[in-house]
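turn this into a model:
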Amino acid sequence: MNPQDLPRWATSLLLPILNLLSALLVAGLVIYALGESPLESLGILVNSAFLNPEGLGYTLFYATTFIFTALGVAFALHTGLFNIGGEGQMYVGGLGMALVVLNMDAHWGPWVVIPLAIACSALFGAAWAFLPGYLQARRGSHIVVTTIMFNFIAASLMNYVIVSLLIPVGQQTTASRQFAASGWLPRLNEWLPVLGQTPVNISFLLALAALAVYALVMRRTTWGYGIRAVGLNPHAAHYAGVSIKGVVIGVMAVSGALAGMAAVNSEMGSAHQLGLNFTAGAGYIGIAVALMGRNHPIGMLLSAVLFGGLIQGGFDLSLEKSNIPPETFVFIQGLVILFCGAMENLYAPAVAGLLRKMKKPSTA
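Just a heads-up that it's a prediction; the model follows:
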């Protein structure tokens, strides 16, 4: 049995678990070298991120953003496109959201402001991703190059807009004015008080709905079939009547819309203003979440929760253990990305050999 011929349960479940355990093992060795107990540190991280209800609220808050950015990556990957522009698409989506809220929150109620703001965040994100998609489809520009360059353009554009146009007179922080209450997303602790004063909000429910729609589109629609066909064999898809250029442009627009919606969680659900650098690398973490989740909706949900838990648990771990710096969670994230991304098939030959040995007696 070749590593490429492993059963789906092995590639989707067993290998990611082995890779995750390997990342935690290396992280534990580093923590031990810092003079702390790896098991005790792991216990603090797990308790803070998943077992404590309030900590779980923060974990789900961070995971919400990662779900949207991961979906933006996963849609494109099904077409064979590597969209690494989620950071810029989220940034520009936040601009669209803020323009709606800042111009309407004083005159309209939440039932008008919130849906329009979410729609504009998706529209602006889609427009920002449409351009690289068009260049790829019509001009042959490489999607990786264009999307990463658009990240830098978006950062420069947002720096100009926020600093020069949106900062109120006399304010020192690089952010817009505070949104009025009509531009705030309802928080889940209004229905689940056990979550405490955490910023997890209804955008988490939107993220779950987006995962369900993603699964439905990819597996139960003609368009989803065309997307997967283009990704697997563009020549065969062309002869089957699929418009390659149309699929590329459409998929990139949808990917950008999903990444743009990620801005709603942090800006309307927590900060209640448009701030500089609010993306905080979420677009790049979405790449890791999509790869680790194997582009599967459940896999991406679990992966997003894991990365959210690393942020929440790592922060509390650094508070309780003075020898462990706050950047530890970034280091652990890097290890997870290394083992589950670049080294995802590290254990594939061994697993394939073990399954081959187990299969021989049964065959005999």
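
show me the shaky parts of the chain.
1-4, 361-364 (pLDDT under 70).

try it again with 80
When residues are selected by pLDDT under 80, those of the chain lie in 1-6, 8, 12, 326-329, 340-345, 359-364.

which residues of the stretch 51-200 of the chain fall in helices?
53-78, 86-104, 110-134, 143-160 (DSSP state H, counting those that start in this stretch).

of these, which is nearest Q312?
The minimum distance between Q312 and these falls on helix 53-78, with 4.5 Å, by C-beta to C-beta. C-betas here are computed from N, CA, C, even on glycine.

which one of the helices of the stretch 51-200 of the chain lies closest to F307?
Nearest to F307 among these is helix 53-78; the distance by C-beta to C-beta comes to 5.5 Å.

and the closest one, what does it pack against?
Here helix 53-78 is seen to pack against helix 86-104, helix 203-220, helix 222-232, helix 244-266, helix 282-292, helix 297-320 when contacts are counted using 3 or more C-beta pairs under 8 Å, 6 or more residues apart in numbering; DSSP states H and E.

the inter-axis angle of the longest one versus helix 203-220?
Calculated by axes from the mean of the first three to the mean of the last three C-alpha atoms, to 10 degrees, helix 297-320 forms an angle of 150 degrees with helix 203-220.

what's the first helix or strand after helix 297-320?
Sequence-wise, the next helix or strand downstream of helix 297-320 (DSSP states H and E) is helix 328-337.

now that following helix, how far from the centre of its chain.
Using C-alpha atoms, centre = their mean, to the nearest Å, the mean C-alpha position of helix 328-337 is found 15 Å from that of the whole chain.

flag every buried residue along it.
Of the residues in helix 328-337, those buried by neighbour count under the rule 16 or more other C-beta atoms under 10 Å are 328-329, 331-333, 335-337.

adding distance to A74, write those out as TSV.
Conversion of the buried residues of helix 328-337 to TSV gives the following (distance: C-beta to C-beta, whole Å):
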residue	distance to A74
T328	28
F329	24
F331	26
I332	23
Q333	19
L335	22
V336	17
I337	16
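
and which of those is nearest W223?
The closest of the buried residues of helix 328-337 to W223 turns out to be I337 (C-beta to C-beta; 30.6 Å).

wait, doesn't the closest one sit right on A288?
Yes: in terms of C-beta atoms under 8 Å, I337 counts as a neighbour of A288; the distance is 4.4 Å.

can you give me the buried ones in stretch 26-43?
Residues of stretch 26-43 classed as buried by neighbour count (16+ other C-beta under 10 Å): 27-28, 31, 36, 38, 41-42.

for the nearest residue to M343 once chain neighbours are set aside, what are its contacts?
What sits nearest to M343 in space, not counting adjacent residues and going by C-beta to C-beta, 6 or more residues apart in numbering, is N19, at 7.0 Å. N19 makes contact with 336, 339-340, 343-344, 346-347, according to C-beta atoms under 8 Å, 6 or more residues apart in numbering.

just the buried ones from those residues?
For those, a neighbour count by 16+ other C-beta under 10 Å gives the buried set as 336, 339-340, 344, 347.

helices - which of those residues land there?
Using DSSP state H, the subset of the buried ones among the contacts of N19 located in helices is V336.

buried residues, stretch 13-27. List them.
Neighbour-count burial for stretch 13-27, with 16+ other C-beta under 10 Å as criterion, is recorded at 14-16, 18-20, 22-24, 27.

who touches stretch 22-41?
Contacts to stretch 22-41, defined as C-beta under 8 Å, 6+ apart, come from residues 42, 317, 321, 323-324, 328, 331-332, 335-336, 338-340, 346.

cool, stretch 103-123 as well?
Stretch 103-123 is touched from outside by 93-94, 96-97, 99-101, 179-186, 206, 257-258, 260-261, 263-264, 268, with contacts defined as C-beta under 8 Å, 6+ apart.

what strand or helix carries the residue nearest to M343?
Element membership of N19 [criterion: DSSP H and E] is helix 15-33.

the inter-axis angle of that helix versus helix 282-292?
Using the same axes, to 10 degrees, helix 15-33 lies at 120 degrees relative to helix 282-292.

continuing past helix 15-33, what's the next helix or strand?
Proceeding N to C from helix 15-33, the next assigned helix or strand is helix 38-46, under DSSP H and E.

thanks again, I'm all set now.
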